[in-house]
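In: Got a sequence here, can you build the structure:
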Amino acid sequence: MEKIIKAKESLVLRGIEKADIGIVLGTGLNKIIDFVEVKETIPYSEIPGFPVSTVEFHKGNLVYGMIGEKEVLLMQGRFHAYEGYSPDQIVFPLRVMKLLGVQKIFLSNAAGGINLDFKKGDLVMIEDHINLLYGNPLTGKNFDELGPRFPDMSEPYDPALVSLLQKKAGELNIELKKGVYVAVHGPNLETKAEYRYLKITGADMVGMSTVPEVIAANHMGIPCIAISVITDECDPDNLKPVKLEEIIAVANKSDEKLSRLFLETIKSL
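Out: Numbering: from 1, shown residues only. The predicted structure is shown next:
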């Protein structure tokens, strides 16, 4: 808790005294920054206690600025278990956001499509998730200042935000599918047998992030929403090798749609 407070105080000294909305950008997803009135860009390495993003294409900056009348804190890149970070390190920035008064959190990620109705470039709103990651960000001593020992997870993705996002997608003529996201450790992609297994569990798409952040947000009582961009099709009967560059290219093509959807939703809050 002392580390979280120290990180918050360091941001206050740089003029970031509060924020309304937190945004976490996944792999290949950065275009929303073009619509933010940026006031401050801080490398993670300059914030006490922040891990440093080691993933290619994750810029590793915390951006403070305005979307309409809303003050936003935007993470250009997140942290993953496969980088060697513990669950509590992964969610550290969200806990700092809590102390700065963030009221809602928007998350995005790149994911593989297990549901064969999902195609490359589709936007899929996460309606529920399955956690197959090692560990949990709530393990250990509970920080009562942040939330309860046993937080409820019956509605991990806020129904009001889900409804608003669907409404805005309709207004913008953006197709928004919905599905169940499963988080695995990575960094390797899955085998054919693993894709079959994950489909049996009820997963529609698979990735290596987001779930720890959603757990932390629910613990802190912060409504959150998450969207996956389908970057590869995980059909075990027709599986082809996938390169990171291909995943990035697909994410980049869908980034504008996702950014517009987040932007208009945030403006309407």
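
In: alpha carbons only for contacts and neighbour counts from here, please
Out: Noted.

In: Next, the distance between the ends of stretch 11-22.
Out: Chord length of stretch 11-22, first to last residue, is 14 Å (CA to CA, to the nearest Å).

In: gap between it and the chain center?
Out: Computed by CA atoms, centre = their mean, to the nearest Å, the chain-centroid distance of stretch 11-22 equals 20 Å.

In: And for stretch 74-94?
Out: 10 Å.

In: what bridges to residue 70?
Out: Under DSSP bridges, the beta-bridge partners of residue 70 are residue 67.

In: Could I get the full set of helices for this protein?
Out: Per DSSP state H, the chain carries helices over the ranges 2-13, 87-90, 92-99, 159-171, 192-201, 211-219, 244-267.

In: Turn these into TSV, columns for distance to residue 177.
Out: TSV is the format used below for these (distance: least, CA to CA, whole Å):
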stretch	distance to residue 177
helix 2-13	36
helix 87-90	27
helix 92-99	26
helix 159-171	9
helix 192-201	17
helix 211-219	19
helix 244-267	12
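
In: List the buried residues in stretch 126-146.
Out: 126, 127, 128, 129, 130, 131, 133, 137, 138, 146 (16 or more other CA atoms under 10 Å).

In: Please give me every residue in contact with the nearest residue to the fourth one once chain neighbours are set aside.
Out: When you say that, I think you mean residue 129. Leaving aside its sequence neighbours, residue 129 sits nearest to residue 181 (CA to CA, 6 or more residues apart in numbering; 4.6 Å). Residues in contact with residue 181 (CA atoms under 8 Å, 6 or more residues apart in numbering) are 126, 127, 128, 129, 130, 203, 204, 205, 206, 207.

In: ok, now how distant is the most centrally placed residue in the chain from residue 26?
Out: What sits nearest the mean C-alpha location of the chain, by CA atoms, centre = their mean, is residue 107, with 3.1 Å. Per CA to CA, residue 107 is found 8 Å from residue 26.

In: Specify which member of the buried residues of stretch 126-146 is nearest to residue 70.
Out: Relative to residue 70, the closest of the buried residues of stretch 126-146 is residue 146; by CA to CA it sits at 22.9 Å.

In: Stretch 11-23: which residues count as buried?
Out: 11, 16, 18, 19, 20, 21, 22, 23.

In: Please read the previous query as pertaining to stretch 149-164.
Out: For stretch 149-164, burial by neighbour count (16+ other CA under 10 Å) applies to 156, 157, 158, 161, 162.

In: Could you do stretch 216-236 as well?
Out: Across stretch 216-236, burial judged by 16+ other CA under 10 Å covers 216-235.

In: Could you export that stretch as CSV, CA atoms only?
Out: Output of stretch 216-236 as CSV, limited to C-alpha atoms (Å, rounded to 0.1, in the frame of the first residue of the first chain):
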residue,chain,number,x,y,z
ALA,A,216,-8.6,-5.8,-9.4
ALA,A,217,-11.2,-3.3,-10.7
ASN,A,218,-14.1,-5.3,-9.2
HIS,A,219,-12.2,-5.6,-5.9
MET,A,220,-12.0,-1.8,-5.8
GLY,A,221,-15.6,-1.3,-6.9
ILE,A,222,-14.6,0.4,-10.2
PRO,A,223,-17.0,-0.4,-13.1
CYS,A,224,-15.1,-1.8,-16.1
ILE,A,225,-15.6,-2.9,-19.7
ALA,A,226,-13.3,-4.8,-22.1
ILE,A,227,-13.1,-5.3,-25.8
SER,A,228,-11.0,-7.9,-27.7
VAL,A,229,-9.8,-7.4,-31.2
ILE,A,230,-9.7,-10.8,-32.9
THR,A,231,-6.3,-11.0,-34.5
ASP,A,232,-6.1,-14.7,-35.5
GLU,A,233,-8.5,-17.5,-36.1
CYS,A,234,-7.9,-20.6,-33.8
ASP,A,235,-9.5,-23.4,-35.8
PRO,A,236,-7.7,-26.5,-34.7
